[in-house]
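Colleague: fold the stuff below for me.
(2 chains)
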Amino acid sequence: SVLLYQKPNRDICQSGTSLKIQCVADSQVVSMFWYQQFQEQSLMLMATANEGSEATYESGFTKDKFPISRPNLTFSTLTVNNARPGDSSIYFCSTGRHNERLFFGHGTKLSVL
Amino acid sequence: QQKVQQSPESLSVPEGGMASFNCTSSDRNFQYFWWYRQHSGEGPKALMSIFSDGDKKEGRFTAHLNKASLHVSLHIRDSQPSDSALYFCAARAPNTGGADRLTFGKGTQLIIQP
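Modeller: As a prediction, the model looks like this:
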């Protein structure tokens, strides 16, 4: 199994500001995923990040709004640019291998005022 | 349209009873299914996968897949208070390569009544 640590656990920010969410794995992993979850609703895949390459974004999510970095095999950051109240949700990083279960971090709860 | 549909939205089961969840994919490419559950304040955790037609049993949990109808179900027998959580069905297309990109349903909230 893989343990994923996210920082911060929660954040409150003003509209128009940017914030970074960090994810650290306890072992090297090829792919990291970022998911968005509104209050007890479905998990939406935002993007896939592989080490050393540009993240691949899903429909509805853009690099300008949610830039993702993946500088090495244990680390990834998600930035929320120009945060709006509609971005208030929980953000999860996750990882897994083909045909194997995904492991998730504990999530970062973002509130945008 | 949501590609993975779950029912019911919520479910209340007495302790020791059977909890049953349903999931249907509207995309014929989605043939590989997972069940995850999420306790309040935590990240989702995988329960089990099912990739072949028929039943798959792991302890108190049994999943059933019918690929022809793209319907998968999950049954929990002898439900315990610790089973109270949000249960997600997740699906992916075959041969996506690399790590799996999963599409999640909206979830079923399970409450076990002591």
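
Colleague: just the terminal-to-terminal distance for stretch B:62-74.
Modeller: Using CA to CA, to the nearest Å, one end of stretch B:62-74 lies 6 Å from the other.

Colleague: stretch B:70-86 now?
Modeller: One end of stretch B:70-86 sits 22 Å from the other (CA to CA).

Colleague: pLDDT of it, averaged?
Modeller: For stretch B:70-86, the per-residue pLDDT values average out at 97.

Colleague: and B:Asn22, what does it touch?
Modeller: Under the criterion of CB atoms under 8 Å, 6 or more residues apart in numbering or on different chains, the contact list for B:Asn22 reads B:6-8, B:71-73. Heads up, the C-betas are built off the backbone N, CA and C, glycines and all.

Colleague: restricted to strands, list those residues.
Modeller: Among these, the members found in strands (DSSP state E) are B:6-7, B:71-73.

Colleague: give the buried subset of those as a PyMOL selection command.
Modeller: Of the ones in strands among the contacts of B:Asn22, the buried ones go into a single PyMOL selection, burial set by 16 or more other CB atoms under 10 Å in any protein chain shown:
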select buried, chain B and resi 6+72+73
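
Colleague: looking at the ones in strands among the contacts of B:Asn22, which is nearest chain A?
Modeller: Comparing the ones in strands among the contacts of B:Asn22 against chain A with CB to the nearest CB places B:Gln6 closest, at 8.9 Å.

Colleague: list the residues that contact the closest one.
Modeller: Applying CB under 8 Å, 6+ apart to B:Gln6 gives the contacts B:21-23, B:87-89, B:105-108.

Colleague: go with 6 Å
Modeller: By CB atoms under 6 Å, 6 or more residues apart in numbering or on different chains, B:Gln6 lies in contact with B:23, B:89, B:105-106, B:108.

Colleague: number of residues surrounding B:Pro14?
Modeller: In terms of burial, B:Pro14 registers 11 neighbours under the definition other CB atoms under 10 Å in any protein chain shown.
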